[in-house]
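> With the sequence up front, the predicted model follows.
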Number of protein chains: 2
Amino acid sequence: MDLDFVRQLVQKNDSKIVMLVVDGLGGLAMEPSTRTELEAANTPNLDNLAAHSLCGLHEPVAAGITPGSGPSHLALFGYDPLKYQVGRGVLSALGIDFDLHPSDVAARGNFCTVDEKGLVTDRRAGRISTEKNQELCALLREIELEGAELLIETVKEYRLLVVLRGDDLSPEVNDTDPQATGERPLEPRAFAPPAERTAKLVAQFLEQARQILADHHPANMIILRGFSRLPDWPSMQEVFCLKAAAIAAYPMYRGVAKLVGMDVLETDSELDAELDVLEQNWGAYDFFFVHSKATDSAGEDGDFQRKKGLIEAVDARVPRILHLKPDVLIVTGDHSTPALLRSHSWHPVPVLLWSKHCREDGVDRFGERACMHGGLGPRLAATDLMPLALANALRLEKYGA
Amino acid sequence: MDLDFVRQLVQKNDSKIVMLVVDGLGGLAMEPSTRTELEAANTPNLDNLAAHSLCGLHEPVAAGITPGSGPSHLALFGYDPLKYQVGRGVLSALGIDFDLHPSDVAARGNFCTVDEKGLVTDRRAGRISTEKNQELCALLREIELEGAELLIETVKEYRLLVVLRGDDLSPEVNDTDPQATGERPLEPRAFAPPAERTAKLVAQFLEQARQILADHHPANMIILRGFSRLPDWPSMQEVFCLKAAAIAAYPMYRGVAKLVGMDVLETDSELDAELDVLEQNWGAYDFFFVHSKATDSAGEDGDFQRKKGLIEAVDARVPRILHLKPDVLIVTGDHSTPALLRSHSWHPVPVLLWSKHCREDGVDRFGERACMHGGLGPRLAATDLMPLALANALRLEKYGA
């Protein structure tokens, strides 16, 4: 839904909305005609809540699209992920909790291998270890550029973050990653005249990096992509008139929450610790995004039983949230991560929306198949959840007379 | 759906379509796990019809959006209410059956209170009575403007309609309503040069109104908003090739029907009287919009039992419609008005579409929960109903070879 449209209807009251995101919640049966992780889990609290909720399955981006964590969370927060796009450089910075300044230009880097002619032979430098990456980043930090600060951070394995900080920088610089082996890294060039200085600084950096890394085969060069800057989006306060808090331990989710203007609260990663933070801050915010990560990791590991157990652990904490008496409670995932696929997937994600004003839909089990028959339908656009949450919190005025 | 797309596929035949709109039909259970107004009502005729119909729930505007009667009816008539917007001035005129001319400029007015400095202290003048409003409007009618006729009508309580009639007028004038207390009413200004004369006329009117109302505290000033003109939209005849009639007693619905080119037939407000009109005009039209208002009023009054009884009264009249042998019969509401909320709401609205050619979907009860499982799904875009009606009337050609 268009945010400008919602914005004109928003009104304030003292209701409270909680969105509990169980990362990678949606799943698949390991064998035909058996149950998914969520269906197999014993979830009496969620089932009971479902019986008094509006249920369904949401599609984070579009039919068949497997989302990354950035787009899927933006959709849950009501921001169309096809419209609100974040550059790879910025996403890399968010993912390691790097304190990106508004004028910084960030790029995602790969250590790569080049042959004696300078042609790329491996875009991932044989997937070097994170430790090796850290050693090399320490060397690269010695590079000095004229008129701009250079910041280098290890991300993981062959991936690094490169940030330029200074005045008059621009992200309008092309990728140097040729996206294929057997080709030379591309020259950094400005898309527009104001980026010419930035392109030159990048070229200087890459030339010095080439010299420093020359003897460090297989990681003897760097390729860069996704030059970008922190986006300047309307905040949830501006659009939804919500003072919003994120309770999430992992950098990526904290970063995405920051992009939409949430206050990011300090927390440990266990759900119990997160719920402590929720309780402590209950009076201070209108909207709480509570993020539980472990289910996704279990799915990525292909561990059906562990994911099932973690869902049961979430279920056991639901009463703690209900005890706070939220006006609206949404429980869902950001995407599916079926243990069967060991990865994010495109499958729609179970969702329940509870409020005093929701219309019960006869679904009394929180699971993929049960939710298909709920009032939200089997393919709700994830971006519709925030307008529905606001409506159920009586925070939207009537449209038209 | 895009009207230009439908228009190119429309073909004529002698089928007849009836759309029975039970205003505010959708509801909510007053207590968890009990029934809605419609579910509680004894509706043997609608249930029997549902068993041979395509059923579902429609969303008038978008997820979570509570529609006013104007947008929700436009959606039922196939006109996207976000594209086909009506100014507040025009809506006010429609709502009191005012005979707006195509070149008139209409504004919605509020009597308001200003202090000695001219700052607004109450945007609704203490919600003065309709009788007081009528007295003040009589005084305001004495104002004369140079080169334009001024028409003033009471709407209700503190609300009035102000219309300028004459040549070379333009609605491109800003609101004078500051939308907040403690501020001075805004000066009327033209958005574009052709509106400068209109803005001056409005300023003259407001200055004279200020003098006339000075001693009528709390209604000692007027603020205006929504300067607008009758829209020039394609008619249902042009788009759908339907000779369409509205059988509705209340001005707002008659007005919206006029905007889409329907003939508005004279009728009393009882459904029986409306069905008399339907029978009398059966041969003369292709499409009939029949509007039953009382259910909405009962919902607005928070009277669950009265709304339930009124739904039963509608049910009892369904055989009269069927007796005419329409080719397509749609029964739905324009929006939900749950007695629980005493207002319009965002909840999807039950709908059934009967024709010889619809696909039965196993739903044999006309109610919110039953319709969730129908073939139209739990969240049909209301604007899709007209194309479906046309298709079921065999009035749409194949698209493409």
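Good, I have the coordinates.
> ok, which stretches of chain A are strands?
With DSSP state E as the definition, chain A shows strands at residue ranges A:17-22, A:54-59, A:105-114, A:120-122, A:149-156, A:159-165, A:221-228, A:244-247, A:263-264, A:287-292, A:328-332, A:349-355, A:377-381.
> Switch those over to JSON lines; also include mean neighbour count.
Using the backbone N, CA and C atoms, a C-beta is placed for each residue, glycine as well. Written out in JSON lines, the entries for the strands of chain A read as follows (neighbours: other CB atoms under 10 Å in any protein chain shown):
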{"stretch": "strand A:17-22", "mean neighbour count": "25"}
{"stretch": "strand A:54-59", "mean neighbour count": "26"}
{"stretch": "strand A:105-114", "mean neighbour count": "26"}
{"stretch": "strand A:120-122", "mean neighbour count": "18"}
{"stretch": "strand A:149-156", "mean neighbour count": "17"}
{"stretch": "strand A:159-165", "mean neighbour count": "22"}
{"stretch": "strand A:221-228", "mean neighbour count": "24"}
{"stretch": "strand A:244-247", "mean neighbour count": "25"}
{"stretch": "strand A:263-264", "mean neighbour count": "17"}
{"stretch": "strand A:287-292", "mean neighbour count": "26"}
{"stretch": "strand A:328-332", "mean neighbour count": "25"}
{"stretch": "strand A:349-355", "mean neighbour count": "26"}
{"stretch": "strand A:377-381", "mean neighbour count": "20"}
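> So for stretch A:33-43, what gets flagged as buried?
Using 16 or more other CB atoms under 10 Å in any protein chain shown as the burial criterion, the residues of stretch A:33-43 that qualify are A:35-41, A:43.
> I meant to write stretch A:174-181 there.
For stretch A:174-181, a neighbour-count test (16+ other CB under 10 Å) marks A:174-178 as buried.
> Can you give the contact residues for it?
Contact partners of stretch A:174-181, identified using CB atoms under 8 Å, 6 or more residues apart in numbering or on different chains, comprise A:110, A:119-123, A:184-189, A:191, A:202, A:206, A:223-227.
> In CSV, list the C-alpha atoms belonging to it.
Presented in CSV, the C-alpha positions along stretch A:174-181 are these (Å, rounded to 0.1, in the frame of the first residue of the first chain):
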residue,chain,number,x,y,z
ASN,A,174,29.6,1.6,-11.1
ASP,A,175,30.5,-1.9,-9.8
THR,A,176,34.1,-3.0,-10.4
ASP,A,177,33.0,-6.6,-10.1
PRO,A,178,32.8,-8.0,-13.6
GLN,A,179,30.4,-10.7,-12.5
ALA,A,180,32.3,-13.3,-14.4
THR,A,181,35.7,-15.0,-14.4
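> and that stretch, what's its mean pLDDT?
The average pLDDT for stretch A:174-181 rounds to 94.
> can you put the strands of chain A in JSON lines and add distance to chain B?
Output for these, formatted as JSON lines (distance: least, CB to the nearest CB, whole Å):
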{"stretch": "strand A:17-22", "distance to chain B": "12"}
{"stretch": "strand A:54-59", "distance to chain B": "8"}
{"stretch": "strand A:105-114", "distance to chain B": "35"}
{"stretch": "strand A:120-122", "distance to chain B": "46"}
{"stretch": "strand A:149-156", "distance to chain B": "37"}
{"stretch": "strand A:159-165", "distance to chain B": "37"}
{"stretch": "strand A:221-228", "distance to chain B": "31"}
{"stretch": "strand A:244-247", "distance to chain B": "17"}
{"stretch": "strand A:263-264", "distance to chain B": "24"}
{"stretch": "strand A:287-292", "distance to chain B": "15"}
{"stretch": "strand A:328-332", "distance to chain B": "11"}
{"stretch": "strand A:349-355", "distance to chain B": "10"}
{"stretch": "strand A:377-381", "distance to chain B": "5"}
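> Any chance of CSV for these, columns mean pLDDT?
Supplementary listing: the strands of chain A in CSV, determined by pLDDT from 0 to 100:
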stretch, mean pLDDT
strand A:17-22, 98
strand A:54-59, 98
strand A:105-114, 96
strand A:120-122, 97
strand A:149-156, 96
strand A:159-165, 97
strand A:221-228, 96
strand A:244-247, 98
strand A:263-264, 95
strand A:287-292, 98
strand A:328-332, 98
strand A:349-355, 98
strand A:377-381, 97
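> want to throw those strands into JSON lines with distance to B:Leu390?
Compiled in JSON lines, these are given as follows (distance: least, CB to CB, whole Å):
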{"stretch": "strand A:17-22", "distance to B:Leu390": "41"}
{"stretch": "strand A:54-59", "distance to B:Leu390": "29"}
{"stretch": "strand A:105-114", "distance to B:Leu390": "51"}
{"stretch": "strand A:120-122", "distance to B:Leu390": "58"}
{"stretch": "strand A:149-156", "distance to B:Leu390": "56"}
{"stretch": "strand A:159-165", "distance to B:Leu390": "55"}
{"stretch": "strand A:221-228", "distance to B:Leu390": "48"}
{"stretch": "strand A:244-247", "distance to B:Leu390": "44"}
{"stretch": "strand A:263-264", "distance to B:Leu390": "51"}
{"stretch": "strand A:287-292", "distance to B:Leu390": "43"}
{"stretch": "strand A:328-332", "distance to B:Leu390": "37"}
{"stretch": "strand A:349-355", "distance to B:Leu390": "34"}
{"stretch": "strand A:377-381", "distance to B:Leu390": "24"}
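> give me the residue from the stretch 51-200 of chain A nearest chain B.
When you check the stretch 51-200 of chain A against chain B by CB to the nearest CB, the closest residue turns out to be A:His52, at 5.4 Å.
> Run through the residues that contact that residue.
By CB under 8 Å, 6+ apart, the contact set of A:His52 is A:354, A:358, A:360, B:32-33.
> what does A:Leu341 give?
Applying CB under 8 Å, 6+ apart to A:Leu341 gives the contacts A:Leu28.
> Could you verify my assumption that A:Ser170 touches A:Ala195?
Yes. With contact taken as CB atoms under 8 Å, A:Ser170 and A:Ala195 are classed as touching, separated by 3.7 Å.
> Please enumerate the helices of the stretch 101-250 of chain A.
In the stretch 101-250 of chain A, helices defined by DSSP state H, counting those that start in this stretch lie at A:130-140, A:196-213, A:236-240, listed in chain order.
> Reformat these into CSV and put mean pLDDT and mean neighbour count next to each item.
As requested, these are exported to CSV (pLDDT from 0 to 100; neighbours: other CB atoms under 10 Å in any protein chain shown):
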stretch, mean pLDDT, mean neighbour count
helix A:130-140, 97, 16
helix A:196-213, 97, 18
helix A:236-240, 98, 20
